[in-house]
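[1] quick one, structure for this:
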Amino acid sequence: MVRAGAVGTHLPASGLDIFGDLRKMNKRQLYYQVLNFAMIVSSALMIWKGLIVLTGSESPIVVVLSGSMEPAFHRGDLLFLTNFREDPIRAGEIVVFKVEGRDIPIVHRVIKVHEKFLPYVGMVTIIMNDYPKFKYALLAVMGAYVLLKRES
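    Okay, the predicted model is just below:
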């Protein structure tokens, strides 16, 4: 049975006086605490890097931030990601991708896979967003065509 107020939960009257506790330690205890903390941080980093290698994913564990994946996944759920490229993507699977300029990966469910559906058509939109002058030139050409084209 675990009771509240177990050993090691001493709180001074002034609240959490961490620096006062540090001043009371001798050098050996302080070095021990610093090394203990460094081992915990390095262990967590090694586990994270190991997961990156095992899963082939830049972010092996992500947290669901919105309710858009309900009822399968709720806000706060952890997702364990893999990046095995030999498996084809199928409808119903969960995919994760990163958008340039955003630190947080996007998680979505595949609704339908289009394998032979006008490849690279979306490049027009990408080019117009990357090169705004191209958008205006394309609009000018289309406008000139409409104005100069006569019905026969």
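
[2] from the chain's centre, how far out does the lowest-mean-pLDDT helix or strand in the chain sit?
    Within the chain, confidence by mean pLDDT, DSSP states H and E is lowest for helix 18-24 among all helices and strands, at a mean of 72. The chain centroid and the centroid of helix 18-24 are separated by 38 Å under C-alpha atoms, centre = their mean, to the nearest Å.

[3] quick check: longest helix in this structure by residues?
    Secondary structure of the chain read by DSSP state H shows that its longest helix is helix 27-55.

[4] pLDDT averaged over that helix - what is it?
    Summarised as a single mean, pLDDT over helix 27-55 is 89.

[5] could you pull out the buried residues of that helix?
    residue 55 (16 or more other C-beta atoms under 10 Å). For the C-beta atoms, the positions are set from N, CA and C on the backbone; glycine is no exception.

[6] contacts for the helix or strand following it?
    Moving toward the C-terminus from helix 27-55, the first helix or strand encountered (DSSP states H and E) is strand 61-63. With contact meaning C-beta atoms under 8 Å, 6 or more residues apart in numbering, strand 61-63 is reached by 51, 76-81, 96, 105, 107.

[7] between the residues you listed, which has the least confident prediction?
    Among those, residue 105 has the lowest pLDDT, at 75.

[8] hang on, it packs against residue 95?
    No - counting by C-beta atoms under 8 Å, residue 105 does not reach residue 95; the two are 10.0 Å apart.

[9] so the two - more neighbours on which side?
    More neighbours surround residue 105 than the other of residue 105 and residue 95, with 16 against 12 (other C-beta atoms under 10 Å).

[10] got a list of what that one touches?
    The neighbours of residue 105, taking C-beta under 8 Å, 6+ apart as the test, are 59, 62, 96-98.

[11] is there a quick ChimeraX command that grabs whichever of those are buried?
    To isolate in ChimeraX the members of those that are buried, counting by 16+ other C-beta under 10 Å, one can use:
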select :59,62,96
